[in-house]
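Participant: Got a predicted structure here, sequence first:
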Amino acid sequence: DDESCWFQCSGPGRYQCRVSGLVFDMTGGGDVFYRVVPWNRSLLSPHGKKPAGPLFDISCQQRSVARLHLPHCEVRSTGRCHFLSVAHLHDEGVEFIRPERITETHIVISITGFSAFGNVKDEDSPPDPVRALVLLFYKPPADPDVTSFLNLLLLPGNVVIRDLKRTRKKLFGLETFIDAPPHCKLRPEETYSLSTSPAGESVLVQPTEAEFDPESYSSYFTSIQVIFSSITGNIKLSVKEKETSCCAWERRVCLLAHRVKPGLPSDEQLKETRTRIIDGISEPVLQSLLDKLLEKKVLSDSEAVEAEKVRGDKGRVLVDTVRRKGAAASSERNWLLTGNRTKDPVQTSDLKNESL
């Protein structure tokens, strides 16, 4: 459901959850329920510990989970994984479990009882770089305003993205998650700055820098926000260490592909952006799209002939045809919405925006 995952297996084996990254070693069949819950830091501080991963509340009535693999974000080559352990929070308080082993991605522990488990590390552990994520959420303009917002978050690499999206939707409403490669390495408590290209008066970055907090597993607020006061197509984003100016993360993002109202069905999105698509599509690409629609039998012969006759308005005819055809033209509709309309639709893979 919205907050909990339910994993059901009929026999022994090793199973990994795509949502959380958790891995379960099962001795037999069972039903496992788990969800992310907030940390109570007051239980950790007296022991000199701090969070190093999400806290998972886990239950299994059959008690058939023999080992639990919790994802971590440490860079193993630094040799700092020995600062890691697992906190088990229960009714009597907290106990700290030494790992059986630590892989490149997971801490492995044996368990018998259940309740809440989460990675922790020593408070005095050195601030070595950790695997991190730079995540982008875009809020397109609301007509007739042209102002849009790009929200950038600096987060540890083992955060549960599904919970992040759900929480942000509750806090900030509809926005589009931009699927740009997020992985990088960031240094705890280091200040990072964001620069954009192009820059200028129509692009405002606020604040221009932010500190990376590797313990931000339950705070999903924006680190840096970019405000666009005019329509912007491609933009290059660079995250750099303030002290050394070393680039930690750099990507080029196409915002035009996301300038639709999030949450709308794709046919309604196409209707919203109809004029801009018609103005930007070329004659060779139009012809390729017409051929593909005819080949897939989305268009009948008579409809294709009619589209060919209306030379000046061919773009308008084809866009409206794709919009009306529903599921039969879903791939072409998604292609038109991606902003890759200068390329041949036969050769361009479908790019689907994920709207929260």
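Facilitator: Arrived safely, thanks for sending. Numbering: from 1, shown residues only.
Participant: any idea of the pLDDT on Arg80?
Facilitator: Note on Arg80: pLDDT of 71.
Participant: Now do the contacts for it.
Facilitator: Shown in contact with Arg80 (CB atoms under 8 Å, 6 or more residues apart in numbering): Glu74, Ser125, Pro126, Asp128. C-beta: built from backbone N, CA, C; applies to glycine.
Participant: list the buried ones in the helix or strand Ser59 falls within?
Facilitator: Assigned by DSSP states H and E, Ser59 belongs to strand 49-60. Within strand 49-60, the residues scored as buried using 16 or more other CB atoms under 10 Å are Lys49, Lys50, Pro51, Ala52, Gly53, Pro54, Leu55, Phe56, Asp57, Ile58, Cys60.
Participant: ok, now stretch 149-165?
Facilitator: Under 16+ other CB under 10 Å, the buried positions of stretch 149-165 are 149-160, 163-165.
Participant: Likewise for stretch 203-213?
Facilitator: So, applying 16+ other CB under 10 Å, buried residues of stretch 203-213: Val203, Leu204, Val205, Ala210, Phe212.
Participant: Show residues contacting it.
Facilitator: By CB under 8 Å, 6+ apart, the surrounding residues in contact with stretch 203-213 are 132, 154, 186-196, 219, 223-229, 232, 235, 242.
Participant: quick check: mean pLDDT across stretch 221-240?
Facilitator: Mean predicted confidence for stretch 221-240 is 92.
Participant: Specify the beta-bridge partners of Leu136.
Facilitator: Beta bridges link Leu136 to Leu152, Ile178, judged by DSSP bridges.
Participant: By neighbours, which of the contacts of Arg80 wins?
Facilitator: Glu74 (29 neighbours; other CB atoms under 10 Å).
Participant: Local confidence estimate at that residue?
Facilitator: pLDDT, Glu74: 92.
Participant: got the contact list for it?
Facilitator: Ala52, Arg80, Cys81, Leu84, Lys121, Asp128, Val130, Arg131 are the contacts of Glu74 under CB under 8 Å, 6+ apart.
Participant: could you redo the last one with a cut-off of 10 Å?
Facilitator: Neighbouring residues of Glu74 by CB atoms under 10 Å, 6 or more residues apart in numbering: 52-53, 80-84, 102, 104-105, 107, 119, 121, 125, 128-131, 156-158, 214.
Participant: In helices, which of those appear?
Facilitator: For the contacts of Glu74, not one is inside helices, with DSSP state H as the criterion.
Participant: What does Pro71 show for phi and psi?
Facilitator: phi -70, psi 140 (degrees, to the nearest 10).
Participant: Tell me how many other residues surround Glu100.
Facilitator: With other CB under 10 Å as criterion, Glu100 counts 11.
Participant: Can you get me a residue count around the residue lying closest to it once chain neighbours are set aside?
Facilitator: Sequence neighbours aside, Val108 is the residue nearest to Glu100 in space, at 4.9 Å (criterion: CB to CB, 6 or more residues apart in numbering). Using other CB under 10 Å, Val108 has 16 neighbouring residues.
Participant: Name whatever forms a beta bridge with Val108.
Facilitator: Beta-bridge pairing of Val108 under DSSP bridges involves His69, Arg101.
Participant: Helices of the stretch 101-250 of the chain, residue ranges please.
Facilitator: For the stretch 101-250 of the chain, the helices defined by DSSP state H, counting those that start in this stretch occupy 161-172.
Participant: what about it, any weak spots by pLDDT?
Facilitator: 143-144 (pLDDT under 70).
Participant: Now with 90, please.
Facilitator: 111-115, 124-128, 140-147, 166, 169-174, 198-201, 215-220, 230-234, 243 (pLDDT under 90).
Participant: Could you pull out the strands in it for me?
Facilitator: 101-102, 106-110, 115-122, 130-139, 148-156, 176-178, 183-186, 191-197, 203-206, 209-211, 224-228, 234-241, 247-254 (DSSP state E, counting those that start in this stretch).
Participant: got these as a markdown table, with distance to Gln287 columns?
Facilitator: Below are the strands of the stretch 101-250 of the chain laid out as a markdown table (distance: least, CB to CB, whole Å):
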| stretch | distance to Gln287 |
| --- | --- |
| strand 101-102 | 57 |
| strand 106-110 | 52 |
| strand 115-122 | 56 |
| strand 130-139 | 32 |
| strand 148-156 | 33 |
| strand 176-178 | 31 |
| strand 183-186 | 40 |
| strand 191-197 | 35 |
| strand 203-206 | 36 |
| strand 209-211 | 48 |
| strand 224-228 | 34 |
| strand 234-241 | 26 |
| strand 247-254 | 24 |
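Participant: Identify whichever of those strands lies nearest to Ser300.
Facilitator: Ranking these by their distance to Ser300 (criterion: CB to CB) puts strand 247-254 first, at 33.7 Å.
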